[in-house]
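Visitor: Sequence and predicted model, in that order:
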Amino acid sequence: MKKISVVNLDKLLDNFSEIEKKISEINEANNLLLLQLEKSKRLLTLSQSKEESVKEECTTLQNVIKGLTQTIENQCNVKDENDRLKGTVHILEEKLKACEQEYKDQIEKLTIEIENKEEDHKLKLTQLHCDIRKKFEIKEAEYREQREKKELEILELTRQMKIQNEEKQNEIIKLQIEFNAKLARVQNKTTKSFSDASVLPQSIYRRVSALTACSMQILSTVTGYFK
């Protein structure tokens with residue numbers, strides 16, 4: 001009976017399931033990074049809104065400065081009040097500059113963080129894709145190696161079975177030749193022993209002939225089985 005070797009498909013399916021799991025993990029990490037990116041964008045939008053508010057305050061402060069300047073001009077004869085108002089204007093201008101610089105720094109910081117996160121996200125995706133491609137190539141090579149090994153085993157088994165069949169056929173032919181020779185000697189002896197005994201029943205001769213034919217049929221069947 002021929003033995004058939006098959007490839008371990010269960011193991012191959014498990015390997016592909018593991019790859020699909022890795023891809024799912026990548027997608028989850030990608031979604032998480034997208035959420036973080038969206039959060040950073042919202043923070044940037046909020047900062048921009050605050051910047052607009054600061055600009056409005058700056059406009060208000062500038063209007064105040066103009067008003068103060070007008071007041072100073074109206075009270076030019078009061079030197080002390082004029083100096084005090086000038087000092088107030090200077091302080092307000094410094095505060096305004098400080099607020100503008102602070103918000104500019106915050107916006108720049110958030111912009112850098114967003115760019116860094118986007119770059120990290122791209123690097124992680126590239127690395128994950130590279131890892132998956134390498135694992136898939138390794139699994140594909142292992143599968144190809146196993147398949148070639150099984151094919152060689154099948155060829156070897158086929159060759160061995162062919163050799164065994166040839167040996168069995170040669171052995172059967174040898175046995176058939178020996179049997180025919182022995183049968184011929186028995187038939188010659190039987191014919192010689194009963195050549196002068198005409199009173200012997202013909203049924204004995206018919207039984208010997210039937211036994212000979214049956215033996216030949218058995219040998220022919222066995223020979224056909226091993227072909």
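Guide: Received, thanks.
Visitor: So which elements touch the host helix or strand of Gly67?
Guide: Using DSSP states H and E, Gly67 maps to helix 9-74. Counting contacts by 3 or more CB pairs under 8 Å, 6 or more residues apart in numbering; DSSP states H and E, helix 9-74 packs against helix 79-193. For every residue, glycine as well, the C-beta is placed using N, CA and C.
Visitor: Check which helices and strands the helix it packs on is in contact with.
Guide: For helix 79-193, the elements it packs on are helix 9-74, helix 202-225, judged by 3+ CB pairs under 8 Å, 6+ apart.
Visitor: Put together CSV for those helices, with mean pLDDT on each row.
Guide: Supplementary listing: these in CSV, determined by pLDDT from 0 to 100:
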stretch, mean pLDDT
helix 9-74, 82
helix 202-225, 56
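Visitor: okay, those helices in JSON lines with distance to Lys150 and mean neighbour count next?
Guide: Listed next are the helices and strands packed on helix 79-193 as JSON lines, based on distance: least, CB to CB, whole Å; neighbours: other CB atoms under 10 Å:
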{"stretch": "helix 9-74", "distance to Lys150": "12", "mean neighbour count": "13"}
{"stretch": "helix 202-225", "distance to Lys150": "28", "mean neighbour count": "12"}
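Visitor: will you turn the ones you listed into a markdown table that also has distance to Glu119?
Guide: Shown next, in a markdown table, are the helices and strands packed on helix 79-193 (distance: least, CB to CB, whole Å):
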| stretch | distance to Glu119 |
| --- | --- |
| helix 9-74 | 11 |
| helix 202-225 | 75 |
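Visitor: Would you mind getting the angle between the helix holding Gly67 and helix 79-193?
Guide: On the basis of axes from the mean of the first three to the mean of the last three CA atoms, to 10 degrees, helix 9-74 is oriented at 170 degrees to helix 79-193.
Visitor: so how far is Asn8 from Glu20?
Guide: As judged by CB to CB, to the nearest Å, Glu20 and Asn8 stand 18 Å apart.
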